[in-house]
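J.: This is a predicted model, with the sequence first.
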Amino acid sequence: MAAAAAYDDDPNPTAKGDAHLISRSLLWVAEKPRVQRMVVHGPLTQRVVKRFVAGNHLEDAIASIQELNGIPVGGILDLLGEGVVDPAGASAAAESYLASLKRMDETRVDSTVSVKLTQLGLSFDKEQCLRHLRGLAAEARSIGKTLEIDMEQSQYVADTVEVYRRLRSDFEDVRLAIQAYLRRTLSDLERLRDLKPKIRLVKGAYAEPEHLAFQKKREIDAQYRFLIDWLFENGTDPAIASHDEKLLSHAREAARRTGAGDRGFEVQMLYGVRRELQEKLAHQDLRVRVYVPFGSAWYPYLMRRIAERPANLGFFLRALAQG
């Protein structure tokens, strides 16, 4: 099962074809139970986990966001875990998200909350999922915070887009993640055009087949640039979730061209990835947020972070070698 969709990559691999093959192979291997047991229970992986995950507990994430706020960079709180299979599990997840919102209010941190709909029951009861989501959106509004919806694997896209549309009738400030590499993405956005949707544009990091998703980096980058332009022309307050400075420059140009300006969109990045760029952009007076995951169900999320970039894989292997 998937955690949040990946943000776009730093564009510096030395062999793009080889890097892509390695990434897809690693995602495939990571799904094997034996590999998961070895990584989850291996003490040597904890150094890597700490780089990309704030900690096991909500207070770990709050502390990380408070540190980011001092830069100043905002947070996006993310409770790891997904694929809930029963109503009780969905209710428990909703309560955990609610506790996160209340703690954000108590500590006055600058943060949003991003939710995964499979945690709230999307895969077995769409209406229950929507009820939980409405409750969380109402709580977020009451404390002056906003809610973001993660996008998961391709089989959940249609239902996620439908739930977002229905939620938007009462909560216009909710933001939806959309994956640039899926071939269906432009059609999904066109169906939302009348809403002037508030979108987080991510690359996408699941091992989707070629008939569903673009596979080559140059194709994904071209689609990403095209969708940036679409969002500035047809959306509201877009979030460009990328660590690629060329794509971020394209977003700034689109913002200037459409009159939005540098404050008319957000840059969103991942915890543990390119901290120096986060600080640089914040000091240029851009609105920057960092996706801060926490929780014990970190394995799927960690494997996608490692698969995204050869540099991350190298960091992982060095940590193993050093013990």
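T.: Perfect, I can see it now.

J.: Extract the residue ranges of the protein that are flagged as low pLDDT.
T.: Filtered on pLDDT under 70, the chain yields the residue ranges 1-47, 82, 298, 300-301, 303-323.

J.: where exactly do the strands run in it?
T.: Using DSSP state E, the strands of the chain run over residues 74-79, 111-115, 147-149, 175-179, 199-202, 239-241, 266-270, 287-294.

J.: Report how many residues lie close to Asn234.
T.: Using other CB atoms under 10 Å, Asn234 has 17 other residues around it. Glycine gets a C-beta too; all of them are placed from N, C-alpha and C.

J.: Kindly report the same for Leu98.
T.: Residues near Leu98, counting by other CB under 10 Å: 16.

J.: going forward can the numbers begin at 32, since that is how I track them
T.: All set: I'll call the first residue 32, so the last point we hit is now Leu129.

J.: which residues does it contact?
T.: The neighbourhood of Leu129, defined by CB atoms under 8 Å, 6 or more residues apart in numbering, consists of 166-167, 170.

J.: follow-up on the earlier one: and Arg82, which of the strands of the chain is closest to it?
T.: strand 297-301 (10.4 Å; CB to CB).

J.: Let me know the angle separating that closest one from strand 142-146.
T.: 60 degrees (axes from the mean of the first three to the mean of the last three CA atoms, to 10 degrees).

J.: Check the offset of strand 297-301 from the chain's centre.
T.: 9 Å (CA atoms, centre = their mean, to the nearest Å).

J.: Against which helices or strands is it packed?
T.: Packing partners of strand 297-301 (3 or more CB pairs under 8 Å, 6 or more residues apart in numbering; DSSP states H and E): strand 270-272, helix 306-314, strand 318-325.

J.: So which bits of the longest helix that the chain contains are buried?
T.: As assigned by DSSP state H, the longest helix anywhere in the chain is helix 118-138. Along helix 118-138, these residues count as buried under the neighbour rule (16 or more other CB atoms under 10 Å): 120-122, 124-125, 128-129, 131-132, 134-135.

J.: got those as TSV, with distance to Leu89 columns?
T.: Shown next, in TSV, are those (distance: CB to CB, whole Å):
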residue	distance to Leu89
Gly120	18
Ala121	19
Ser122	18
Ala124	13
Ala125	15
Tyr128	10
Leu129	11
Ser131	6
Leu132	11
Arg134	6
Met135	9
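
J.: which among those gets closest to Leu301?
T.: For the buried residues of helix 118-138, the nearest to Leu301 is Ser131 (18.3 Å; CB to CB).

J.: surely the closest one meets His88?
T.: No - look at Ser131 against His88 with CB atoms under 8 Å: they stay out of range, at 11.1 Å.

J.: and Ala85, what is it in contact with?
T.: 91-92, 94-95, 302, 323-325.

J.: which ones are touching the residue lying closest to Leu167 once chain neighbours are set aside?
T.: Of all residues not flanking Leu167 in the chain, Tyr128 sits nearest, at 5.4 Å (CB to CB, 6 or more residues apart in numbering). Shown in contact with Tyr128 (CB under 8 Å, 6+ apart): 110, 144, 146, 150, 167.

J.: now swap in His163 and tell me
T.: 121-122, 124-125, 151-152.

J.: circling back: and the buried residues of helix 118-138, which two are furthest apart?
T.: Gly120 and Met135 (23.0 Å).

J.: ok so, going back, which of the helices and strands packed on strand 297-301 sits most buried?
T.: Comparing these by mean neighbour count (mean count of other CB atoms under 10 Å), strand 270-272 comes out on top with a mean of 27.

J.: who does it pair up with?
T.: strand 230-233 (parallel), strand 297-301 (parallel) (DSSP bridges).

J.: chain center to it: distance?
T.: How far strand 270-272 lies from its chain's middle: 9 Å, per CA atoms, centre = their mean.

J.: what residues does that strand touch?
T.: Contacts of strand 270-272 (CB under 8 Å, 6+ apart): 38-39, 206, 208, 229-234, 259, 278-279, 282, 296-300, 320, 322.

J.: what does stretch 292-301 give?
T.: With contact meaning CB under 8 Å, 6+ apart, stretch 292-301 is reached by 38, 83, 107, 231, 263, 268-274, 279, 282-283, 286-287, 289, 308-309, 312, 315-322, 336.

J.: which residue sits closest to Arg224, ignoring its sequence neighbours?
T.: Nearest one to Arg224, counting by CB to CB, 6+ apart, is Asn265 at 5.4 Å.

J.: ok, the one you found - contacts?
T.: Asn265 neighbours (CB under 8 Å, 6+ apart): 220, 224, 227-228.

J.: run the last query once more with 10 Å
T.: By CB atoms under 10 Å, 6 or more residues apart in numbering, the contact set of Asn265 is 220-221, 223-228, 230.

J.: Including neighbour count and distance to Gln254, could those go into a markdown table?
T.: Converted to a markdown table, these look like this (neighbours: other CB atoms under 10 Å; distance: CB to CB, whole Å):
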| residue | neighbour count | distance to Gln254 |
| --- | --- | --- |
| Leu220 | 20 | 11 |
| Glu221 | 11 | 14 |
| Leu223 | 20 | 17 |
| Arg224 | 12 | 17 |
| Asp225 | 9 | 22 |
| Leu226 | 16 | 21 |
| Lys227 | 14 | 21 |
| Pro228 | 25 | 17 |
| Ile230 | 27 | 14 |
